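Engineer: let's see this in three dimensions:
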Amino acid sequence: MKLGFLLAAFLSTASVSQAATLLFGGTLSGAAEFPPNLSPGTGTFLITIDDVALTMFVHAEFSGLTGTVTAAHIHSGTAVPFTATAGVATPVPTFPGFPLGVTAGVYDAPFDMKLSSSWNPAFISANGGTAVSAFAAFMGAATTGRAYLNIHSTVVTGGEIRGFLVPVPEPTATGLAGLALVGLALGRRRRK
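Structural biologist: The predicted structure is shown next:
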């Protein structure tokens, strides 16, 4: 009974939050740079955006860089999806608190995209002059494969590893309900 109530509460919350939450993920590599490089560095990232509250949460993990980190940020928007380069959209010279001077690390940070401090001033100026208009331009680029996360290093100053933001589908309420039913069935089998 308690589990059913919790499941119902979770599903009702999940369907409400899906309306405003967008997930973007990607893999970081030297081969994805422009021009490509032979860096053995790798990484992954997940960016969670609430397009109603205008917030963004960045999670990135990386390792194996040939140089130490000098900067990391999101660039937006390339002229052609998944290729070429673009200017920096997020704070310059780097994300606040990003691990610098290392070859591996983890980064987790929230951003209020309504604040000018969450953007590169040049990106704001080029995209309507406000943080909200910059957010709209950024979302247009992110949802069409024209934004990327880049980590720069002392060895490859133009960017050692990067990855384009790719939409990550969220589980649907139907899919979550199906998973919950499978979990309940397995739980019942274990008890018997």
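
Engineer: Asn150 and Thr70 touch, don't they?
Structural biologist: No: counting by Cβ atoms under 8 Å, Asn150 stays clear of Thr70, with 11.1 Å between them. Bear in mind the C-beta positions are built from the backbone N, C-alpha and C, glycine included.

Engineer: the strands in the chain, which residues?
Structural biologist: Here the chain has its strands, by DSSP state E, at 21-29, 42-50, 55-63, 69-76, 105-112, 147-153, 161-164, 166-168.

Engineer: and those strands, which is most packed in?
Structural biologist: strand 147-153 (a mean of 26; mean count of other Cβ atoms under 10 Å).

Engineer: burial count for the closest residue to Val52 other than its chain neighbours?
Structural biologist: Closest residue to Val52 apart from its sequence neighbours, by Cβ to Cβ, 6 or more residues apart in numbering: Ala20 at 3.9 Å. Ala20 has 13 neighbours, counted by other Cβ atoms under 10 Å.

Engineer: what of the one 10 residues further on?
Structural biologist: Look at Gly30: counted by other Cβ under 10 Å, it has 21 neighbours.

Engineer: mind checking pLDDT for it?
Structural biologist: Confidence at Gly30, expressed as pLDDT, is 98.

Engineer: wait, Gly158 sits on His152?
Structural biologist: Yes: Gly158 lies in contact with His152 (Cβ under 8 Å); the separation is 7.0 Å.

Engineer: what pLDDT does the residue nearest to Gly41 when sequence neighbours are not counted get?
Structural biologist: Counting by Cβ to Cβ, 6+ apart, Gly41 lies nearest to Leu65, which is 4.1 Å off, once chain neighbours are set aside. Per-residue pLDDT puts Leu65 at 98.

Engineer: before we move on, what about Pro169?
Structural biologist: Confidence score, pLDDT, at Pro169: 85.

Engineer: all helices of this structure, in order?
Structural biologist: 2-18, 121-126, 131-142, 173-191 (DSSP state H).

Engineer: how about residues contacting the second one?
Structural biologist: Put plainly, it is helix 121-126. 76, 87-90, 92, 116, 130-131, 133-134, 137-138 (Cβ atoms under 8 Å, 6 or more residues apart in numbering).

Engineer: any idea which residue sits dead centre in the chain?
Structural biologist: Ile47 (2.1 Å; Cα atoms, centre = their mean).

Engineer: residues in contact with that one?
Structural biologist: Leu23, Phe24, Gly25, Met56, Phe57, Val58, His59, Ile74, Leu149, Leu165.

Engineer: among those residues, which one lies nearest to Ala142?
Structural biologist: Leu165 (4.9 Å; Cβ to Cβ).

Engineer: what pairs with the residue lying closest to that closest one once chain neighbours are set aside across the strands?
Structural biologist: Once flanking residues are discounted, Leu165 sits nearest to Phe24: 3.9 Å by Cβ to Cβ, 6+ apart. Beta-bridge pairing for Phe24 (DSSP bridges): Ile47, Pro167.
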